[in-house]
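Engineer: Can you look at this prediction? I've put the sequence above it.
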Amino acid sequence: MTPLISIHRRRLASLFVAGFVLATGPLSAGDWPHWLGPKSDNNAIADGFDADLSHWKTGWKAALGKGYSSIAVADGRAFCLGHDGTAGETVYCFDAATGETKWKVSYPAELMPRMHTGGPNATPTVVGDKVITVSKDGQVLCLTTAKGDKVWQASLPEAMGINVPQWGFGASAVVDGKQVLLAAGKVVSLDLADGHKLWASKEAYHPGYATVGVLSQAGKKFLAALDGKGFSVLSATDGAELARIPFKSGFDLNATSPTVLADGKRILVVGNSAAVLLSFDGLALAEVWANKDLKNAMNNSVVAGDTIYGIDGRQGSGARLVAVDLADGKVLWSKDGFGYGNTIGVGSAILALTESGELVTVQASRDGYKELGRRQVLSKTCWTTPVVAAGHIYARNDKGDLIALAH
């Protein structure tokens, strides 16, 4: 690989892990039913999690095909996507504990390997007895979780009235009540029952690869939407834009999901060039702080209490794990050597999957870096969020090697 192509691959890294979901329907303890987990805050249910990775063993493995989609786990099933490299994509449903293939559904889809491996970016979204997937070229499938039967299918280019973005579609589906929300410079709402379009936002901004967040204030719902040029708050009823600020990233590759904090009044927006904490009062956005010390070129950081933990890195440079004060955006500590990896929160620990395929557990502490475990589980390149659910740790690489560790 030439240095130029390597830099281009770094530029594209942030596209392949996008998503933010608020799913409805009953969930089992330990589920991770969609991107960013059960509460859409990038934290797993932590019951009994052992941060010493030497205590974990290989439970099962599978070959998915090329791609960057993460894993959704619900009701004893694990859902994933991959591309065969030639003809199309496949949605897989595995037994979450054993790896037995329950069903799979294949369909023609573009690989789009533009200076990267290619394949699907979006993570499956499980809601009740349905699973919703998004292909690289914008095919939305709603399938039954039990057998993979097709409930409905929609086309994002058609629903949004846009061409397929240069690097494909990256956002996962967001289920809010009876609507399915998808974004790519515009936001479109599809009916959960049959997939018909309910509404689409009027503004067609430069396509981004981030998925919308949902927030509520005084009985009203709003959408947090990040595109290639800026951040908007929309009405969740009809997509009307209520507030907007410019938010630029290198190469216009905004891909990480806006993080709606628990109070519903603050939103953390991070790109590959900067981070900003915003307040929203139902009418207008205001900046709380901004810095260039937290740059998520890959996936979302973790907000745990009064601290942000995440991978800080910019294209063409190194990447480090950082802890940042939520109140003022100042760096508390940092640790090099993580590459363009991914982080999730698991109780009092941060679980990271490094770009080179190491799982690392770190104490979630403001007082300094304390490593709890480290284990090589995959070959590189790993640009996909690991998942902790159903008593397992799930991780994959861009070639489609999936590993499930059991305790």
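Structural biologist: Happy to help now that I have it.
Engineer: Residue 230 reaches residue 243, doesn't it?
Structural biologist: No. Assessed by CB atoms under 8 Å, residue 230 is found out of contact with residue 243, at 10.5 Å. For every residue, glycine as well, the C-beta is placed using N, CA and C.
Engineer: Can you report how many residues lie near residue 347?
Structural biologist: For residue 347, the neighbour count with other CB atoms under 10 Å is 17.
Engineer: what do you get for residue 334?
Structural biologist: By the criterion of other CB under 10 Å, residue 334 has 14 neighbours.
Engineer: ditto for residue 367
Structural biologist: Residues near residue 367, counting by other CB under 10 Å, number 9.
Engineer: May I have the secondary structure class of it?
Structural biologist: Of the three states, residue 367 takes coil under DSSP: H, G, I helix; E, B strand; the rest coil.
Engineer: Who are the contact partners of it?
Structural biologist: residue 333 (CB atoms under 8 Å, 6 or more residues apart in numbering).
Engineer: Give me the distance between it and residue 345.
Structural biologist: Residue 367 is 17 Å from residue 345, where distance means CB to CB, to the nearest Å.
Engineer: shared neighbours, residue 230 and residue 243?
Structural biologist: With CB under 8 Å, 6+ apart as the test, residue 230 and residue 243 reach no residue in common.
Engineer: Do you have the strands of the stretch 1-150 of the chain handy? List them.
Structural biologist: 43-44, 57-63, 72-74, 77-83, 88-95, 101-108, 125-127, 130-134, 139-144, 150-155 (DSSP state E, counting those that start in this stretch).
Engineer: And the helices in the stretch 301-407 of the chain, which stretches?
Structural biologist: Taking DSSP state H, counting those that start in this stretch, the stretch 301-407 of the chain contains no helices at all.
Engineer: what are the ranges of the strands in it?
Structural biologist: Under DSSP E, counting those that start in this stretch, the stretch 301-407 of the chain gives strands at 302-304, 307-313, 319-325, 331-336, 342-346, 349-353, 358-363, 371-376, 387-389, 392-396, 401-406.
Engineer: among these, which is nearest residue 55?
Structural biologist: Across the strands of the stretch 301-407 of the chain, the minimum distance to residue 55, taken as CB to CB, is reached by strand 371-376, at 8.4 Å.
Engineer: any idea of the mean pLDDT in the closest one?
Structural biologist: Mean per-residue pLDDT for strand 371-376: 98.
Engineer: next one: stretch 398-407
Structural biologist: The average pLDDT within stretch 398-407 is 97.
Engineer: how far away is residue 200 from residue 228?
Structural biologist: To residue 228, residue 200 is 17 Å away according to CB to CB.
Engineer: Compare neighbour counts for these two and give me the winner.
Structural biologist: Taking other CB under 10 Å, residue 200 and residue 228 do not tie; residue 228 has more neighbours (23 against 19).
Engineer: The closest residue to the more buried one other than its chain neighbours is in what secondary structure piece?
Structural biologist: Excluding its sequence neighbours, the residue lying closest to residue 228 (CB to CB, 6 or more residues apart in numbering) is residue 206, at 3.4 Å. Element membership for residue 206, per DSSP states H and E: none, as it lies in no helix or strand.
Engineer: Spit out the contact partners of residue 206.
Structural biologist: 185, 227, 228, 229, 252.
Engineer: which ones among those residues are found in strands?
Structural biologist: Assigned to strands by DSSP state E, none of those qualify.
Engineer: Buried ones among those residues?
Structural biologist: 185, 227, 228, 229, 252 (16 or more other CB atoms under 10 Å).
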